[in-house]
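Novice: No sequence on hand, only this structure:
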C-alpha cells in the first residue's frame, strides 16, 4: 500500500520537482497550495493545471486574510520587487514573516486529517542566505516539533535541503520534467521579467545545466 503524503506545492520549479519526486517514489500525493496574499496567483493557476494533468488531489487554500498581520515584504505589500541575484542585500525585502512555519503548520494539520504521515516542501541551499525558514536548523526543529505536536507523528521532509537550484533542475531534467509547466517570476505578467531574483536564479540554473528554459521572457 502506498504511503500517503502532503506536498506543499507553489507552482514554482522547486516544489514542482519535489511533487514529481514524491509521485515517482510511489507515494499517494495530496498537493496543497496557498494564496497568502502574494503579488499574483499565476503560479497557483500553473499548479492547478499540473495537478489536474497528473490526477493528483489538490487543494488551493485562501489564507490571504493573514496579510494584515504580515507587513513589510515586497511579495505581499505595495513595495517594488528588487532586481538582481538572491545574495544581494536587497533581496531580504522578499522575506514574508514566518511564512514557512505558518504553511507547514497548516499542512501538518491537513496531513493529520487525511492520515498522511509526511509533509514535503522545497527548501534548498540557494535559499539559505536570505530565508531563515529554509535553513537546515529550521527544518530540523520543525521536524522535531511536528512529530510531537499531535497524537499522530508527522515528519517534515525537504529532499533538496542541502542542494542548489542547479542540482534540483539537474534531477528534474533527468526525470524528464517539463519546466514550461512552472512559474518562477515574482511578477505575474504574461512573460517572466528575467530580472527579479527568482528569474535570475532560474536562468542561472538552466545555463549551468546547459539546458534551454522553456519559459518566455520579456
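Specialist: Structure's in. What do you need? What you are looking at is a predicted structure, and each value in this text was computed from that prediction instead of being measured. Residues are numbered from 1 along each chain as shown.

Novice: contacts and neighbour counts: CA atoms only from here.
Specialist: Noted.

Novice: quick one: pLDDT of residue 74?
Specialist: pLDDT for residue 74: 39.

Novice: buried sites along stretch 155-175?
Specialist: For stretch 155-175, a neighbour-count test (16 or more other CA atoms under 10 Å) marks 155-161, 164-170, 172 as buried.

Novice: Now do the helix or strand harbouring residue 142: everything it contacts.
Specialist: Per DSSP states H and E: residue 142 is located in helix 136-146. If you take CA atoms under 8 Å, 6 or more residues apart in numbering as the criterion, helix 136-146 is touched by 101, 105, 108, 132-133, 153-158, 161-162.

Novice: do that again at 7 Å, thanks
Specialist: With contacts defined as CA atoms under 7 Å, 6 or more residues apart in numbering, helix 136-146 is touched by 153-156, 161.

Novice: For it, buried residues please.
Specialist: For helix 136-146, using 16+ other CA under 10 Å, the buried residues are 136, 139, 142-143, 146.

Novice: Report the contact partners of residue 108.
Specialist: When contacts are counted by CA under 7 Å, 6+ apart, residue 108 is found next to 119, 154.

Novice: ok, now with 10 Å
Specialist: Taking CA atoms under 10 Å, 6 or more residues apart in numbering, we find residue 108 in contact with 6, 114, 116-120, 146-147, 149-150, 152-156.

Novice: if we can go back for a sec, tell me which helix or strand comes right after the helix holding residue 142.
Specialist: Next element after helix 136-146 (DSSP H and E): strand 155-157.

Novice: What is the least confident helix or strand in this protein?
Specialist: When each helix and strand of the chain is scored by mean pLDDT, DSSP states H and E, helix 197-208 comes last, with a mean of 93.

Novice: other SSEs contacting that one?
Specialist: Contacts defined by 3 or more CA pairs under 10 Å, 6 or more residues apart in numbering; DSSP states H and E place helix 197-208 against helix 165-174.

Novice: What confidence value was assigned to residue 83?
Specialist: 55.

Novice: Oops, could you answer that again for residue 90 instead?
Specialist: 48.

Novice: Narrow the contacts of residue 108 to those that are buried.
Specialist: Buried positions within those, assessed by neighbour count (16+ other CA under 10 Å), are 6, 116-120, 146-147, 152-156.

Novice: Below-threshold pLDDT in the chain: ranges please.
Specialist: Within the chain, the segments meeting pLDDT under 70 span 39, 70-95, 126-129.

Novice: switch the cut-off to 50
Specialist: The chain contains residues with pLDDT under 50 at 72-82, 86, 88, 90, 92-93.

Novice: Would you map the helices across it?
Specialist: Ranges of helices within the chain are 13-24, 42-54, 99-114, 136-146, 165-174, 197-208, based on DSSP state H.

Novice: buried stuff in the last one?
Specialist: Buried residues in helix 197-208, defined by neighbour count with 16+ other CA under 10 Å: 197-203, 205-206.

Novice: just checking, what's the longest strand in the protein?
Specialist: strand 28-35 (DSSP state E).
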